[in-house]
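Chemist: give me coordinates for this.
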Amino acid sequence: MDRRRCPRVSAILPVRVWGLDAYSLPFAQAATVTDISSSGAVIQGMNRRVRPGAVLEVQLGDTRSEFRVVWIGRPGTPNEGTVGLESVVAEERFWDVDFSRCQLAAQG
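Modeler: Numbering: from 1, shown residues only. Alright, predicted model coming up:
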């Protein structure tokens, strides 16, 4: 049984990410969102190492929002460069997706 709080939707969305890396150095880079929910996202292609708990700014198109790093993929594994994020601000419409409709469609 899935214990996630919110339904997830697979996606391929180009984003821009800003923040401080694990060495407290500022960075900005392009990445790809691969999974979204109303409360967070999974981003792949992170070139900079970040720490759980760090707050990153994510830009999709002209819209920006802050997200907290919940987990990071281990170096040397297939998940290297992947980061799990949780929204800092309750902005369910950041991704411009109606998650209730997606959940109904998935249930069939």
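Chemist: now the helices for this protein?
Modeler: Taking DSSP state H, the helices of the chain run over residues 99-107.
Chemist: what's the local residue count around residue 81?
Modeler: 17 (other Cβ atoms under 10 Å). All C-beta spots, glycine's among them, are computed from the backbone N, C-alpha and C.
Chemist: what residue is smack in the middle of the protein?
Modeler: In the chain, the residue lying closest to the centroid (Cα atoms, centre = their mean) is residue 41, at 2.9 Å.
Chemist: that residue touches residue 17, doesn't it?
Modeler: No: using Cβ atoms under 8 Å, residue 41 is not in contact with residue 17, being 10.5 Å away.
Chemist: need the overlap of contacts for these two.
Modeler: residue 58 (Cβ atoms under 8 Å, 6 or more residues apart in numbering).
Chemist: show the contacting residues for the residue nearest to the centre of the chain.
Modeler: So residue 41 contacts 33, 35, 58, 67, 84-85, 95 (Cβ under 8 Å, 6+ apart).
Chemist: among the residues you listed, name the ones in strands.
Modeler: Counting by DSSP state E, the contacts of residue 41 place 33, 35, 58, 67, 84-85 in strands.
Chemist: can you tell me which member of those has the lowest pLDDT score?
Modeler: Of all these, residue 35 carries the smallest pLDDT score, 91.
Chemist: for that residue, which non-adjacent residue is closest in space?
Modeler: Counting by Cβ to Cβ, 6 or more residues apart in numbering, residue 35 lies nearest to residue 42, which is 3.9 Å off, once chain neighbours are set aside.
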